[in-house]
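Enquirer: model the following, please.
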Amino acid sequence: MTVGDTNSGQASTGQASTGGTTTGEVGNTTVGILGAGHLGMALASRLLGTGYAVRLATRRPARVTAEQIAPYLPGVAAVSRAEAYDSDIVIAAIPLRRYRSLPAAALRGHIVVDVMNHFPLVDGPIPEFDEDPRSTSEIVQAHLAGAYVVRTLNHIGAREIGTDSRPSGEEGRRALAIASDHPAAAARVSMLVDALGFDPVDAGPLANAWAFAPGTLIFHGRWTAEGLRLALAKAVVRA
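Expert: Presented below is the predicted three-dimensional model:
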């Protein structure tokens, strides 16, 4: 595998700050966030002002969602799920047990960011994931045939999206791993991660996504790019 990096050492926490990607680079890219839980709301809030056009969809009608988010997310468009599916980048911030609710036909040709995690101690046994040697993201990709699944943003807490964000190039900037079987999609999501205020680190194909799944050293740590690159390399070697 090839693992990219920019900084070194372990990251620290701090106040939110503007990411390094400029509005000119992202253009009119639309980001559809599925789910208004803690992480979905944090991502929507953090993306405001980055140049991305942010859409948020829930299982409720768009008008109801709009009323709920208006006091917290001015500038974020509440849309139907169908409109969210039609975004350039779709972030699936829903429980993993609901991944089959993602429509493969509607998402064909779209980038889908998989932030969904399986927590066995919380979720209980789920044979579909527990007995399959593939990473959960590989299973999601198999369901979303024709979409470009990218695994990232799963190993950071909702609150940390704001507190750990840093400008591009700042020493100690926190890094997040990115795995995908589609390099072009991974590159676009890397720009999104940078805009959020984090250094993207290439973790290789979706088969490597297990290395930063719940229960792993990477999942439970804070890393800068060099530290994350080394941790990923060690994990893949041990595998």
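Enquirer: for the chain, give me the ranges with low pLDDT.
Expert: Scanning the chain for pLDDT under 70 picks out 1-27, 120-124, 237-239.
Enquirer: quick one: the strands in it, in order.
Expert: 30-34, 53-57, 77-78, 89-92, 111-114, 148-151, 175-180, 199-204 (DSSP state E).
Enquirer: residue ranges for the helices of this protein, please.
Expert: Per DSSP state H, the chain carries helices over the ranges 23-26, 38-47, 62-69, 81-85, 104-107, 120-123, 127-130, 136-143, 158-163, 183-196, 225-238.
Enquirer: so for P95, which of those sits nearest?
Expert: Distance to P95, taken as Cβ to Cβ, is lowest for helix 120-123 among those, at 8.4 Å. Just so you know, the C-beta spots here come from the backbone N, C-alpha and C atoms, and that holds for glycine as well.
Enquirer: still on that earlier bit, format the strands of the chain as JSON lines; extra columns: distance to R134 and mean neighbour count.
Expert: What follows is these, written out as JSON lines (distance: least, Cβ to Cβ, whole Å; neighbours: other Cβ atoms under 10 Å):
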{"stretch": "strand 30-34", "distance to R134": "22", "mean neighbour count": "25"}
{"stretch": "strand 53-57", "distance to R134": "28", "mean neighbour count": "23"}
{"stretch": "strand 77-78", "distance to R134": "35", "mean neighbour count": "21"}
{"stretch": "strand 89-92", "distance to R134": "17", "mean neighbour count": "26"}
{"stretch": "strand 111-114", "distance to R134": "13", "mean neighbour count": "28"}
{"stretch": "strand 148-151", "distance to R134": "12", "mean neighbour count": "28"}
{"stretch": "strand 175-180", "distance to R134": "12", "mean neighbour count": "27"}
{"stretch": "strand 199-204", "distance to R134": "14", "mean neighbour count": "26"}
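Enquirer: need the ones you listed in a markdown table with distance to P214, can you?
Expert: Output for these, formatted as a markdown table (distance: least, Cβ to Cβ, whole Å):
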| stretch | distance to P214 |
| --- | --- |
| strand 30-34 | 20 |
| strand 53-57 | 25 |
| strand 77-78 | 30 |
| strand 89-92 | 16 |
| strand 111-114 | 13 |
| strand 148-151 | 13 |
| strand 175-180 | 13 |
| strand 199-204 | 15 |
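Enquirer: minimum distance to H220: which of those has it?
Expert: strand 175-180 (13.1 Å).
Enquirer: strand 199-204 and that closest one, what's the angle between them?
Expert: Interaxial angle, strand 175-180 versus strand 199-204 (axes from the mean of the first three to the mean of the last three Cα atoms, to 10 degrees): 40 degrees.
Enquirer: could you dump strand 175-180 to PDB, C-alpha only?
Expert: Provided in PDB are the C-alpha atoms of strand 175-180 (Å, rounded to 0.1, in the frame of the first residue of the first chain):
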ATOM      1  CA  ALA A 175      -4.800  13.500  10.500                       C
ATOM      2  CA  LEU A 176      -7.600  11.200   9.300                       C
ATOM      3  CA  ALA A 177      -7.200   8.000   7.300                       C
ATOM      4  CA  ILE A 178      -8.800   7.600   3.900                       C
ATOM      5  CA  ALA A 179      -9.400   4.300   2.300                       C
ATOM      6  CA  SER A 180     -11.000   3.600  -1.100                       C
END
